[in-house]
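**Q** Could you work out the structure for the sequence below:
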Amino acid sequence: MDRSTVSYLTFGIVLILAVVFDLGLLSRKGTTVSLKKALSMTLFWVALGMVFFVFLWIEDGHKTAFAYLSAYLMEWSLSVDNIFVFILIFTFFGVKPAYYARVLLIGILAAVLLRIVFIFSNWRSACVNSRSDSERAANDWREACKIASLLSSSRISPFLFC
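**A** Below you'll find the model as predicted:
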């Protein structure tokens with residue numbers, strides 16, 4: 001096996017173990033999470049992410065490791081605005097604080113599963129489709145314009161997706 005395969009397998013195994021650990025031990029039904037527990041859980045997950053960063057540095061070199069770290073920090077910064085969206089959604093639907101953890105869990109698992117589907121469907125189409133990058137980008141842009149025109153004709157603003 002090459003280094004890239006080892007990295008992906010390690011990531012997949014650690015991800016599955018982390019989800020099982022989170023679902024089995026850290027998520028309790030009907031309990032509210034204190035600030036202290038939330039901070040300790042955050043520190044644990046960040047430490048796990050940094051351990052994987054070090055693993056990538058050792059296995060694949062500094063370029064891959066910093067690419068991972070950049071993506072990790074970008075995702076973290078983007079997740080901050082999700083907190084405000086969660087608050088708005090929970091308030092609008094009247095979700096009780098005791099159910100926050102369960103509702104978030106369902107949402108996060110759905111997001112992870114959909115990301116996996118989208119990544120593999122894109123990977124599959126990239127393998128099947130052998131067009132040049134510029135051709136592919138032009139086609140993607142045309143498809144995005146079609147979607148935007150459909151959305152603008154409906155009541156949904158296309159700017160929500162930009």
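**Q** max-length helix in this protein?
**A** helix 62-93 (DSSP state H).
**Q** which other helices and strands contact it?
**A** Helices and strands touching helix 62-93, by 3 or more C-beta pairs under 8 Å, 6 or more residues apart in numbering; DSSP states H and E, are helix 35-60, helix 100-128. (Each C-beta comes from the backbone N, C-alpha and C, glycine too.)
**Q** And it, what's buried?
**A** The neighbour-count check on helix 62-93 (16 or more other C-beta atoms under 10 Å) flags 64-65, 68-69, 90 as buried.
**Q** quick one: that helix to chain centroid distance?
**A** For helix 62-93, the separation from the chain centroid amounts to 8 Å (computed by C-alpha atoms, centre = their mean, to the nearest Å).
**Q** Neighbours of the residue nearest to Y72 when sequence neighbours are not counted, how many?
**A** Nearest residue to Y72, sequence neighbours excluded (C-beta to C-beta, 6 or more residues apart in numbering): G49, at 5.6 Å. Residues near G49, counting by other C-beta atoms under 10 Å, number 17.
**Q** G49 contacts A71, correct?
**A** No: judged on C-beta atoms under 8 Å, G49 makes no contact with A71 at a distance of 10.4 Å.
**Q** Pop the domain breakdown of the protein in here.
**A** 3-130, 133-162 (automatic domain parsing).
**Q** Least confident of the ones you listed, on average?
**A** The minimum mean pLDDT among the domains of the chain belongs to domain 133-162 (a mean of 52).
**Q** ok so, going back, just want the angle from the longest helix of the chain to helix 35-60.
**A** Compare the direction of helix 62-93 with that of helix 35-60 by axes from the mean of the first three to the mean of the last three C-alpha atoms, to 10 degrees and you get 150 degrees.
**Q** who touches the residue positioned nearest the centre of the chain in this structure?
**A** In the chain, the centroid-proximal residue (C-alpha atoms, centre = their mean) is V112; its distance is 5.8 Å. Applying C-beta atoms under 8 Å, 6 or more residues apart in numbering, we find V112 in contact with V19.
**Q** ok, it to F120 distance?
**A** Separation of V112 from F120 (C-beta to C-beta, to the nearest Å) stands at 13 Å.
**Q** just to revisit the earlier point, any chance of the helices and strands packed on helix 62-93 in CSV, with distance to F11 too?
**A** What follows is the helices and strands packed on helix 62-93, written out as CSV (distance: least, C-beta to C-beta, whole Å):
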stretch, distance to F11
helix 35-60, 7
helix 100-128, 12
